[in-house]
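Engineer: Mind looking at a prediction? Sequence and model below.
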Amino acid sequence: MSSSDRFPRKTGSSPDLNLFRAVEVFMAVAEMQQVTTAAHALGMTQSAASQHLKNLETAFGVKFIDRSQRPIALTHAGGVLQRHGFRLLNEIEDLKANIRRLNASTLPVLRMGLLASIATTLTPGLFDFVVEDLGVPELILSAGLATDHRSALYARQIDLAVTSELVRSDDDHHAIPVLDEPFYLVLPEDYDGDPADMDEISARLSLVRFGVATPVGRRTDQHLQRCRLHFPRAMEADRASMVVAGVVTGKCFAILSPSLLIDAVAEGMRLRIEPLPFPGFRRRIQVVTRTGEHDAIADALAGQCARILKTHFALRFPALAGEVEYHSLPAA
């Protein structure tokens, strides 16, 4: 069988279609709602952009753009194409990044997920360390919850995460502990009651807490249940800043660790931080990557994270800093 039999040539007058470029043009036009503006952004003439759109519509046999409206609007088919276009362009960008990694003698870009509560604290020191010490020219950071990191690592959207989700090193994950930190009772600054009297505290204040969909929320709920403690609840949130803001109202108390408090204290929120008047519990922050991919970088970053957080905790929580246990620092 000849190659022409296996791959028969199309007959008729189908347009010369560069599908990827045509979709790229369409996505720009859909976003900017003007062909002229989109063409300028893509570095091409308006006539070239219009031709790409015409070829795309001819190839699929449908209209993607309603040109009778100003600014132009998408047809129903155009909306469908736009949804697919986002995924297509993202896949192409991921492909380009992966090929660059294969061709580069050093890692060209490092994608990191950070816990939202310490992202602001870590970012300056991590950027300098990654670029200057590790020699990686580009750092891409994303802040989120530990559950976000787990799914992002699995989907290969990030290379490693500084996270609180407890992961053990195994065939799939390389996990390096950064620190273990205790939880504290966080009260409004002007609370004048006995911080050891939880009955009085719960009678005067409501608990503001993390939602059960978050790892820290689940941990806190499980610990309170073990201790047979049930507090009235006024609010739940998925970000430390919102939980602390609930305490600042003067109507709530919270149960938080130093890493969950650092940004709020740095921003000047006034709080009263006391030991828990019931059995305590701790959480671990660690650096996690996929086994065998960035193990050495993860080890180095765990040490840098420990150094940065130890410095900031000593500055913001001098009375508490000694109660945090660091794992990735050399013994003094």
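Structural biologist: Looks like it came in fine.

Engineer: Show me the domain layout of the chain.
Structural biologist: 12-100, 105-179+284-326, 184-280 (automatic domain parsing).

Engineer: would you turn the ones you listed into a markdown table with mean pLDDT and mean neighbour count?
Structural biologist: For glycine as for every other residue, the C-beta is placed from the backbone atoms N, C-alpha and C. Shown next, in a markdown table, are these (pLDDT from 0 to 100; neighbours: other CB atoms under 10 Å):
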| stretch | mean pLDDT | mean neighbour count |
| --- | --- | --- |
| domain 12-100 | 84 | 15 |
| domain 105-179+284-326 | 88 | 18 |
| domain 184-280 | 92 | 17 |
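
Engineer: Report the secondary structure element holding residue 179.
Structural biologist: Using DSSP states H and E, residue 179 sits in strand 173-182.

Engineer: same thing with residue 219?
Structural biologist: Going by DSSP H and E, residue 219 is part of helix 215-226.

Engineer: cool, and residue 234?
Structural biologist: Here residue 234, judged by DSSP H and E, is contained in strand 233-237.

Engineer: right, and the helix or strand after that strand?
Structural biologist: Using DSSP H and E, the next helix or strand after strand 233-237 towards the C-terminus is helix 240-248.

Engineer: The strand holding residue 179: how far from the chain's middle?
Structural biologist: Centroid separation for strand 173-182 versus its chain: 18 Å, with CA atoms, centre = their mean, to the nearest Å.

Engineer: Tell me which strands the strand holding residue 234 pairs with, and in which orientation.
Structural biologist: strand 206-210 (parallel) (DSSP bridges).

Engineer: Now do the strand it pairs with and helix 215-226, the angle between them.
Structural biologist: For strand 206-210 against helix 215-226, the angle by axes from the mean of the first three to the mean of the last three CA atoms, to 10 degrees is 130 degrees.

Engineer: and the angle from strand 206-210 to helix 240-248?
Structural biologist: Here strand 206-210 runs at an angle of 180 degrees relative to helix 240-248 (the same axes, to 10 degrees).

Engineer: So residue 111 lies in a helix, does it not?
Structural biologist: No: with DSSP: H, G, I helix; E, B strand; the rest coil as the criterion, residue 111 is located in strand rather than a helix.

Engineer: Roughly how far does it sit from residue 142?
Structural biologist: Note on residue 111: its distance to residue 142, by CB to CB, to the nearest Å, is 8 Å.

Engineer: and if you look at residue 185?
Structural biologist: Shown here: residue 185 relative to residue 142, a distance of 31 Å by CB to CB.

Engineer: just residue 277 next, same as before
Structural biologist: 37 Å.

Engineer: likewise residue 163?
Structural biologist: Per CB to CB, residue 163 is found 12 Å from residue 142.

Engineer: Overlap of the contact sets of these two?
Structural biologist: Common contacts of residue 163 and residue 142 (CB atoms under 8 Å, 6 or more residues apart in numbering): residue 113.
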